[in-house]
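Engineer: Below is the sequence, then the predicted model.
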Amino acid sequence: MAFFSKLKDKLFKSSSRLEEGLDAIVEEGGEEVVVEAPEPVVETAVAPDPEPAVEPTPEPVEPELAKEILPEPEVAPELAPAPAPAPAPAPAPVTKEPATKSGFFSRLTGRASAKPVVKRVLDDEMLEQLEELLIASDMGVDTALRVTANIAEGRFGKRLSTDEIKGLLAAEITRVMGPVAKPMPLYPQKPQVVLVVGVNGSGKTTTIGKLASQFKDAGKKVVIAAGDTFRAAAVEQLQVWGDRAGVPVLTAPEGSDPASLAFDAMTQAQADGADLLMIDTAGRLQNRADLMEELSKIVRVIRKKDPDAPHNTLLVLDATTGQNALSQVETFQKLADVSGLIMTKLDGTAKGGVLVALADKFGLPIHAIGVGETIDDLAPFDPEEFAKALTGAENV
Amino acid sequence: MFENLSERLSGVFDRLTKQGALSDEDVKTALREVRVALLEADVSLPVARDFVKAVQEKATGQAVTKSITPGQQVVKIVHDELVHVLEGEGEPGELKIDNAPAPILMVGLQGSGKTTTTGKLAKRLKEKNGKRVLMASLDIYRPAAMQQLEILGQQIGVDTLPIVAGETAVQIAKRAKQQATLGGYDVYMLDTAGRLQIDQTLMQEVEDVRDVVNPRETLLVVDGLTGQVAVEVAEEFDGKIGISGVVLTRMDGDGRGGAALSMRAVTGKPIKFVGLGEKMDALETFESDRVAGRILGMGDIVALVEKAHETIEAEQAEKMMKRFQKGRFNMNDLKMQLEQMIKMGGMEGVMGMMPGMAKMQKQAAEAGMSDKILKQQIALIQSMTKIERANPQILQASRKKRIAKGAGLDVSDLNKLLKMQRQMGDMMKKMGKMGKGGMLKQAMKGMFGKGGMPDMPAGMDPSAMDPKALEQAAKALGGGKGGLPGLGGGMGLPPGLSGFGKKK
């Protein structure tokens, strides 16, 4: 549980900006609506206890101020004359008359109790701002347009609050992401071959370490092949991960042919009766035809051992990557037959909105997300959690 | 995947035929497209917004020159502004490393390419600037990170600080400083661990390191593929550590490099270098006009010409040009052109670099146009005798049969090749005549002359490229009619492209 809250914490921290942006958008055009705020005030005042529903959305400063003053009237009556005649039951009676009275006191109590929700009419301008907000999360222009269009459908011209918009966005994103959230499928074949590919620095080696540890804990016999024979010390890096996970790592000298290592690893894994063989590969940019050919060669060679291999080809994506992720998925899918995605570095401020665009365009399953540097920082992809984190919607 | 800006704008302006000054409305419509183009190139939203605002002020009311369309005018304004923003003061790639030993601190996110860049930069300093360099890895977190730098050091022949296990980053930095002073090094480079800009502990660590060594240069290493988060990264790193420059890595990818603009706009610090590959010498100084063209999706024409420059020997070209001017273009010339194309990275490589051709590249691939055809055509030519190569018109049926058999192809393939050679010969003749060889000469000069790039004919300015001509060129390629008008020699592209479409 502690881990989960940590993950959530990390995800939420990253989304704060989007949330702020949303508040700003609603507030910007919502001024005229504040005048009509009595409407929601009266409505909510009927409800017996508005307190639990309080969300400090529009102006968090004032309600807090009010709360601070209210609990200790015996200390500060002479300092602040207003709260003195306002004991706890105040909200209900006072809010009946806010339309007529507009003094400091009534405004104060009115806000504190019934929180006039700032709403804004959903118009073209607001839609455009919402689009920009989504674009700022790396969602890309096309997908942002589609998501906002879906939200606007049937709601155009209606007044919406921040929370409502967040809820709608989250629901829409969950709808898009739902079908792609699948754990990595396990097959009865022994060994099940998992090829891990991606551009340089996306986090392939770290991800393999984490995955190996998880599968080992799940009772699988795992073998890792350190197929990055190009980058200096990549093999050593993976060996450390192997030690941490308690998984054997098969290596080859730097500069040797990764395909031959893959072949040897297949032989070894078959002889040892391993359940899973995870093959690391060197980072390669998808537009480098020569390196992509090297990848094809690895696949060709391991197919000599098992015509169905690799059973999974995982593409590791860096969350800080922008729209190029689309090109990465497209090319790797075409040339390496990618079967699933893993997005790393989601613990940063990057919101990974490009995942929505990827789900929208390619529909490849997203197996897991990386949220830190320790061996446990790999979580299954939860579309609802992701959508909430992305939009800042909670309890919707 | 993305439409380039000229295509977008030509769509907008097709409806507008009026000439004269750009109206507010024109500019507004055009700039909406510019904004989308910037966002698709991963320029951060606030930066794109400010940039568009700046361009709007400049563009409104500008007179449109008669010879170009309003769309081209806007592209030019946008391109110029981009170059202006991207360009840093002073010489790109210059580092303040005068007082020996000068410390250089490398910082950045995880996986941005710090260690590799450290190695490349050390190699550059050693070989180009003749400095004695010491490298030290402060990455005590990532497994084998220190070994990685040590191995790189061995590869490039640069000393690294001996690894002592269990030291903190600050201790290593102190040791590096001491060793650099004692050892008489000119420069010492500190490669730090990758860190998130929001990780307070790690940011504090790098601040401590900075206070210990007082780096002359603090370089932020950023992945050129970075998306919207670039602004936050740059802000935080600059705010907390204070950077003196930026290195963009992975610019050899097919990303559009919008992060460059974000970095410049947010930090105001110069982009010093770009990383262009995994090899240790793949580090170049930052050229603003090239990246500007790339952000706008106009292709990297400069890279194309440079590549042509590298592969085609100047003398050979000079000789070729003289022949062309006389209207002679035989199989030997064609073979040379085909071979050059393969050298330049084949059809895909050449077309990928040409503006507006990214889309065609796909079409061409689907139509079965590939380097294989180039090789087959070379094989056909190689099956000819010397006399045949010099005078292809002497080929009659029996010769044709023999040649086709020799290359393992059909006579029809040979006929296509012959037709191509004829067409190209015609085109060469025409170009040679035009302005008494002016255009061809100019084009050749641009390509092969000592000055290289700057001599490019005016029509080559990416911002002034006529989208219509490109479209035409695209048709010519896809449909197999005629050559490549306007692109031919001037582009540095061997005109051998014409006729390939016929292979369909």
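Structural biologist: Alright, I've got the coordinates.

Engineer: CA only for contacts and neighbour counts going forward, please
Structural biologist: Noted.

Engineer: quick one, what contacts the closest residue in space to A:T267 that isn't next to it in sequence?
Structural biologist: Distance criterion CA to CA, 6 or more residues apart in numbering or on different chains; nearest residue to A:T267, sequence neighbours excluded, is A:K305 at 7.7 Å. A:K305 is in contact with A:F263, A:M266, A:T267, counting by CA atoms under 8 Å, 6 or more residues apart in numbering or on different chains.

Engineer: Restricted to strands, list the residues you listed.
Structural biologist: When these are checked against strands (DSSP state E), there are no matches.

Engineer: phi, psi of whichever residue of the stretch 251-396 of chain A sits closest to chain B?
Structural biologist: Among residues of the stretch 251-396 of chain A, the one nearest chain B by CA to the nearest CA turns out to be A:G322. It sits 3.4 Å away. According to degrees, to the nearest 10, the main-chain angles of A:G322 amount to phi -90, psi -130.

Engineer: Could you verify my assumption that it touches A:V354?
Structural biologist: Yes - between A:G322 and A:V354 there is a contact under CA atoms under 8 Å: 6.8 Å.

Engineer: neighbour-wise, which of the two wins?
Structural biologist: Under the criterion of other CA atoms under 10 Å in any protein chain shown, the comparison of A:G322 against A:V354 puts A:G322 first, with 35 against 26.

Engineer: show me what contacts that one?
Structural biologist: The contact partners of A:G322, taken as CA under 8 Å, 6+ apart, are A:D138, A:V354, B:D42, B:L225, B:T226, B:G227, B:Q228.

Engineer: Show the contacting residues for the third one.
Structural biologist: When contacts are counted by CA under 8 Å, 6+ apart, B:D42 is found next to A:D138, A:G322, A:Q323, B:L225, B:T226, B:G227, B:Q228, B:R256, B:G257, B:G258, B:A259.

Engineer: Filter those residues down to the ones in helices?
Structural biologist: When DSSP state H is applied, the contacts of B:D42 are split such that B:G258, B:A259 fall in helices.

Engineer: B:P162: how many residues sit nearby?
Structural biologist: Residues near B:P162, counting by other CA under 10 Å, number 15.

Engineer: what's next to stretch B:179-186, contact-wise?
Structural biologist: Residues outside stretch B:179-186 that contact it (CA under 8 Å, 6+ apart): B:I97, B:N99, B:A100, B:P101, B:A102, B:K131, B:R132, B:V133, B:L134, B:L161, B:V187, B:Y188.

Engineer: and the last one, what element?
Structural biologist: Spelled out, it's B:Y188. For B:Y188, the host element (DSSP states H and E) is strand B:187-191.

Engineer: Direction included, what does that strand pair against?
Structural biologist: Here strand B:187-191 is paired, per DSSP bridges, with strand B:102-108 (parallel), strand B:133-137 (parallel).

Engineer: would a markdown table of those strands with mean neighbour count and distance to B:I381 be doable?
Structural biologist: What follows is these, written out as a markdown table (neighbours: other CA atoms under 10 Å in any protein chain shown; distance: least, CA to CA, whole Å):
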| stretch | mean neighbour count | distance to B:I381 |
| --- | --- | --- |
| strand B:102-108 | 26 | 53 |
| strand B:133-137 | 26 | 52 |
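
Engineer: Take these and lay them out in a markdown table including mean pLDDT.
Structural biologist: Output for the strands paired with strand B:187-191, formatted as a markdown table (pLDDT from 0 to 100):
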| stretch | mean pLDDT |
| --- | --- |
| strand B:102-108 | 95 |
| strand B:133-137 | 96 |
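
Engineer: so what's A:I135 scoring on pLDDT?
Structural biologist: With respect to pLDDT, A:I135 has a value of 88.

Engineer: For residue 149, what is the enclosing helix or strand?
Structural biologist: Went with chain A since none was named. Counting by DSSP H and E, the secondary-structure element that holds A:A149 is helix A:141-152.

Engineer: Hmm, no, I was thinking of chain B.
Structural biologist: When secondary structure is defined using DSSP H and E, the element that contains B:L149 is helix B:145-156.

Engineer: In PDB, list the C-alpha atoms belonging to the strand holding B:Y188.
Structural biologist: As requested, the backbone C-alpha atoms of strand B:187-191 are provided in PDB (Å, rounded to 0.1, in the frame of the first residue of the first chain):
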ATOM      1  CA  VAL B 187      40.100  21.300 -18.400                       C
ATOM      2  CA  TYR B 188      38.300  18.900 -16.100                       C
ATOM      3  CA  MET B 189      34.900  17.700 -16.900                       C
ATOM      4  CA  LEU B 190      32.400  16.600 -14.200                       C
ATOM      5  CA  ASP B 191      29.700  14.200 -15.500                       C
END
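
Engineer: low-confidence ranges in chain A?
Structural biologist: Chain A contains residues with pLDDT under 70 at A:1-20, A:29-116, A:394-396.

Engineer: In it, what residue spans correspond to strands?
Structural biologist: Assignment of strands within chain A using DSSP E yields the ranges A:119-121, A:159-161, A:192-198, A:222-225, A:249-250, A:276-280, A:312-318, A:340-344, A:366-370, A:378-380.

Engineer: Let's have the ones you listed in JSON lines, adding distance to chain B and mean neighbour count.
Structural biologist: Compiled in JSON lines, those are given as follows (distance: least, CA to the nearest CA, whole Å; neighbours: other CA atoms under 10 Å in any protein chain shown):
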{"stretch": "strand A:119-121", "distance to chain B": "23", "mean neighbour count": "23"}
{"stretch": "strand A:159-161", "distance to chain B": "24", "mean neighbour count": "19"}
{"stretch": "strand A:192-198", "distance to chain B": "12", "mean neighbour count": "25"}
{"stretch": "strand A:222-225", "distance to chain B": "16", "mean neighbour count": "27"}
{"stretch": "strand A:249-250", "distance to chain B": "14", "mean neighbour count": "22"}
{"stretch": "strand A:276-280", "distance to chain B": "15", "mean neighbour count": "27"}
{"stretch": "strand A:312-318", "distance to chain B": "9", "mean neighbour count": "25"}
{"stretch": "strand A:340-344", "distance to chain B": "11", "mean neighbour count": "26"}
{"stretch": "strand A:366-370", "distance to chain B": "13", "mean neighbour count": "25"}
{"stretch": "strand A:378-380", "distance to chain B": "16", "mean neighbour count": "19"}
